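> just a sequence and a predicted model for now, questions to come.
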Amino acid sequence: MSVIEMSVTLGILSLVLVILLTFLNQVMAVTVRSENDSLLERNGQLALRTVTEDLRGMSQTTLTQCPPSGQPSWPTSLDNCATFRVYHDNSNVTTCPYSVITYALYQGALMEQRQDYALVSGACSSTPTTSTRTVLTSVANSSAQPLFTYYDNTGASISTSSPPAGGVGGSVHSISVWLAVTYTGGSSQVSLKSIAALRNADTR
Amino acid sequence: MRTRSRRDEDGNIVITMTVIMVASALIVVLTNASLQGLHLSRRAGDSANALQVSDAGVNDAISAVQTAAPAPCTINGVSENCIQRSGTLGTGTYTYTAWQSSGGSGMWHIDVTGVDATGVKRHVQADAATEPLFERPIYVAASGTFSSGVLLDSYSDGLHTCTGNGVLGTRDPADLSFGTSSNSNSNGVGTANCTYAGANPSFPVDGCATYYTNPPAPAFPPSTGTSGHCPPAPLTYDKQLTYSPSAPQRPSTQSNSCAVTYASIGSTCYNFGSTSATLTCDVNNPLIAGKVYSYPAVSLRDGCLITGITMVTDPVSGYTVPDKPVFIYTPSLDVGVQTGGSNQVVNQPPGALSGHTCNLSGAANLCYMQGWVRSLSIFMTGAVGSSQVNLNNNQMFFWGLIDGPNTATHFNNSGMNFWGGLITNTATSGSQFNWHYDDTLSAMTDGKYFPQNWREEPVTSP
């Protein structure tokens, strides 16, 4: 092989490699973007599952307004913050153990606070620490996009600003959860919604 | 010799293989990313399927606890009576264990694991709750007018006669009124009451309970907590039922397919009655164990007994219960006869007492025989206005259950003693009486179960 032939061959090979690498780079960029978006959606779905899992098992009469203890700056409206109990007892003698759970939209994130109670020496006592964590970031619900919407047994929405006698917890049978999550770069949003039917509400 | 053309292809295989390898790697990366995304997407759906399967297991368990026979098992190291079963829903399967709560509440605990066809699991626990038919000694649906000296207390057996469950049930506490005049039975305060003996202030009942369905709960009147009235919270409380109507439920023993003078248990109609006669039970005409009577009028008189009945141990609750109770259906019931005498005894516990005396200083233990009140269940038929119960004779003694949500109940004489439970529309007492509630009645339910305390737990939790 002559020098000329080798140069031409290397030149063509380099050109092909440049084209391929450019293509690969573009594909990877699209893939990474796609994966990030997909991850965002999956995280949103997992957050929805976490919230709805607890909502399904809540004792609806324990639904109260926020903020929970230690979080005075969390929103007070039931639209964007809800505190409730989930009972775990199998004794039928007491309503212990149970968990006091709060979900709230706070500073662009879905927050969770959980306090567990258990029987200790015959008394229902709280565990030493209250766990607070961020369930999901990049949450950008507007004022027209409440985190929680409450429905009664007829499917009619329940007003949180002027609730019926007995409060929202006295009538609620299902709760819609709405997460407006911002994509990477903040250019657009995806709306994730799920409705949890409260299993412990009257369904007969 | 032509060797130039072969040299022209030198290195081509390297280039080709390089291109193929790069392309293959690209395909593998993209395919892997796609498969991962697809897998995660499918897993979310599979998990939702597993939850639906678990939910189906809960419903199956609630159905099974009403019919299936439990078998011994061990739950968390404790021996229990369990129902264990597996089932399928579509391509998913569920496995559940249901075991009955101790304490005789009738509640079952349910633990279900649902598995989707792909192997994704969800774990749900719930309770199958039921409503005791006689949760309280007396439930008044409309109004209760009680004179001074009325006394409600409770017992679990002859050795435990002060259990604090003498709670008066009502739909609205404003419908209750208590007398305050002085009389021989503690001047309107329950000094004979187990819980508040000697207390000041003292109360005629261990508590008052308001049953309601839709909030807000009715408010208790200002007299609540003062002497001679309902005691203060938490002994007096509101209880929200999760279903309508607000009154405790009647058992579904009457079938619309039976004729008017018939009564039914399950799907079988019985006609032990008459369209015109009055069923009279006295010392010469006992009730027959295991029979169902349906009469337009019933009179239970002094010495009325049940023959052929035996007390046995209930295998589920562990309580002592009669093996063949008597059921009576009637719109008109008289217990005791006001002849000017006193101390008439109706359906006293077997082998108990000499003569017709049952007082707290004598063989009292036998008066409080566990479960005996279940031997005689009287279901009041008829509408409001036509259904009535008259309780007669001074110091009369009666053991039994009266279920009359449309009934007007009249306590016509003084010093009467009752063991059992009463559901009535109205109650009117002209003078004092004592009503003793058998705690084991809480295990006697209307046979209907509903889910309660439903929650998801981690798959790995017990």
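Arrived safely. Numbers count the residues shown, from 1 in each chain, chains lettered A, B, ... in the order given.

> how about the CA coordinates for the worst-scoring helix or strand of chain A on mean pLDDT, as CSV?
Of all helical and strand segments in chain A, the minimum by mean pLDDT, DSSP states H and E falls on strand A:123-126, at a mean of 80. Output of strand A:123-126 as CSV, limited to C-alpha atoms (Å, rounded to 0.1, in the frame of the first residue of the first chain):
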residue,chain,number,x,y,z
ALA,A,123,-49.7,3.7,76.3
CYS,A,124,-49.8,4.8,72.7
SER,A,125,-46.6,6.8,72.4
SER,A,126,-44.9,8.5,69.4
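
> residues in contact with it: which ones?
Applying C-beta atoms under 8 Å, 6 or more residues apart in numbering or on different chains, the external contacts of strand A:123-126 come out as A:94-98, A:115-119. Placement of C-beta: from N, CA and C, glycine included.

> need the contact list for the nearest residue to B:Arg43 once chain neighbours are set aside.
Nearest residue to B:Arg43, sequence neighbours excluded (C-beta to C-beta, 6 or more residues apart in numbering or on different chains): B:Val120, at 6.4 Å. By C-beta under 8 Å, 6+ apart, the contact list for B:Val120 reads B:43, B:46-47, B:49-50.

> avg pLDDT for stretch B:29-42?
Stretch B:29-42 comes out with an average pLDDT of 77.

> so what's the gap between that stretch and the chain middle?
Here the centre of stretch B:29-42 is set off from its chain's centre by 52 Å, with C-alpha atoms, centre = their mean, to the nearest Å.

> longest helix in chain B, please.
helix B:12-64 (DSSP state H).

> counting by contacts, list what it packs against.
helix A:3-56, strand B:78-89, strand B:92-100, strand B:108-115, strand B:121-132, strand B:445-457 (3 or more C-beta pairs under 8 Å, 6 or more residues apart in numbering or on different chains; DSSP states H and E).

> next SSE after the helix or strand harbouring B:Phe379?
For B:Phe379, the host element (DSSP states H and E) is strand B:376-380. Of the helices and strands lying after strand B:376-380 in sequence (DSSP H and E), the nearest is strand B:388-391.

> so after that following strand, what's the next helix or strand?
strand B:397-411.

> returning to that earlier point: buried ones among the contacts of B:Val120?
Buried by 16 or more other C-beta atoms under 10 Å in any protein chain shown: B:46-47, B:49-50, out of the contacts of B:Val120.

> pull the residues that contact stretch A:66-85.
Taking C-beta under 8 Å, 6+ apart as the rule, stretch A:66-85 contacts A:54-55, A:58-60, A:62-65, A:98-106, A:111, A:113, A:130, A:132, A:141, A:146-150, A:160-161, A:168-169, A:175.

> run through those residues and flag the ones next to chain B.
Among the contacts of stretch A:66-85, the residues lying close to chain B (C-beta under 8 Å from any C-beta of the partner chain) are A:Ser59.

> now for B:Asn284: which residues touch it?
B:Gly303.

> now it: how far from B:Cys304?
Separation of B:Asn284 from B:Cys304 (C-beta to C-beta, to the nearest Å): 10 Å.

> before we move on, what about B:Ser101?
Taking C-beta to C-beta, one finds B:Ser101 at 36 Å from B:Cys304.

> which one of the two is surrounded by more residues?
More neighbours surround B:Cys304 than the other of B:Ser101 and B:Cys304, with 25 against 18 (other C-beta atoms under 10 Å in any protein chain shown).

> residue contacts, that one?
B:Cys304 touches B:281-283, B:285-287, B:346-347, counting by C-beta under 8 Å, 6+ apart.

> which one of those residues is nearest chain A?
B:Asn347 (31.3 Å; C-beta to the nearest C-beta).

> related to what we said a few turns ago, select only the buried ones of the contacts of stretch A:66-85 in ChimeraX?
Selection of the buried residues among these in ChimeraX, burial being defined by 16+ other C-beta under 10 Å:
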select /A:54,55,58,59,60,62,63,64,65,98,99,100,101,102,103,104,105,106,111,113,130,141,146,147,148,149,150,160,168,169,175
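
> quick one: which of the contacts of stretch A:66-85 sit in helices?
Counting by DSSP H, the contacts of stretch A:66-85 contribute A:54-55 to helices.
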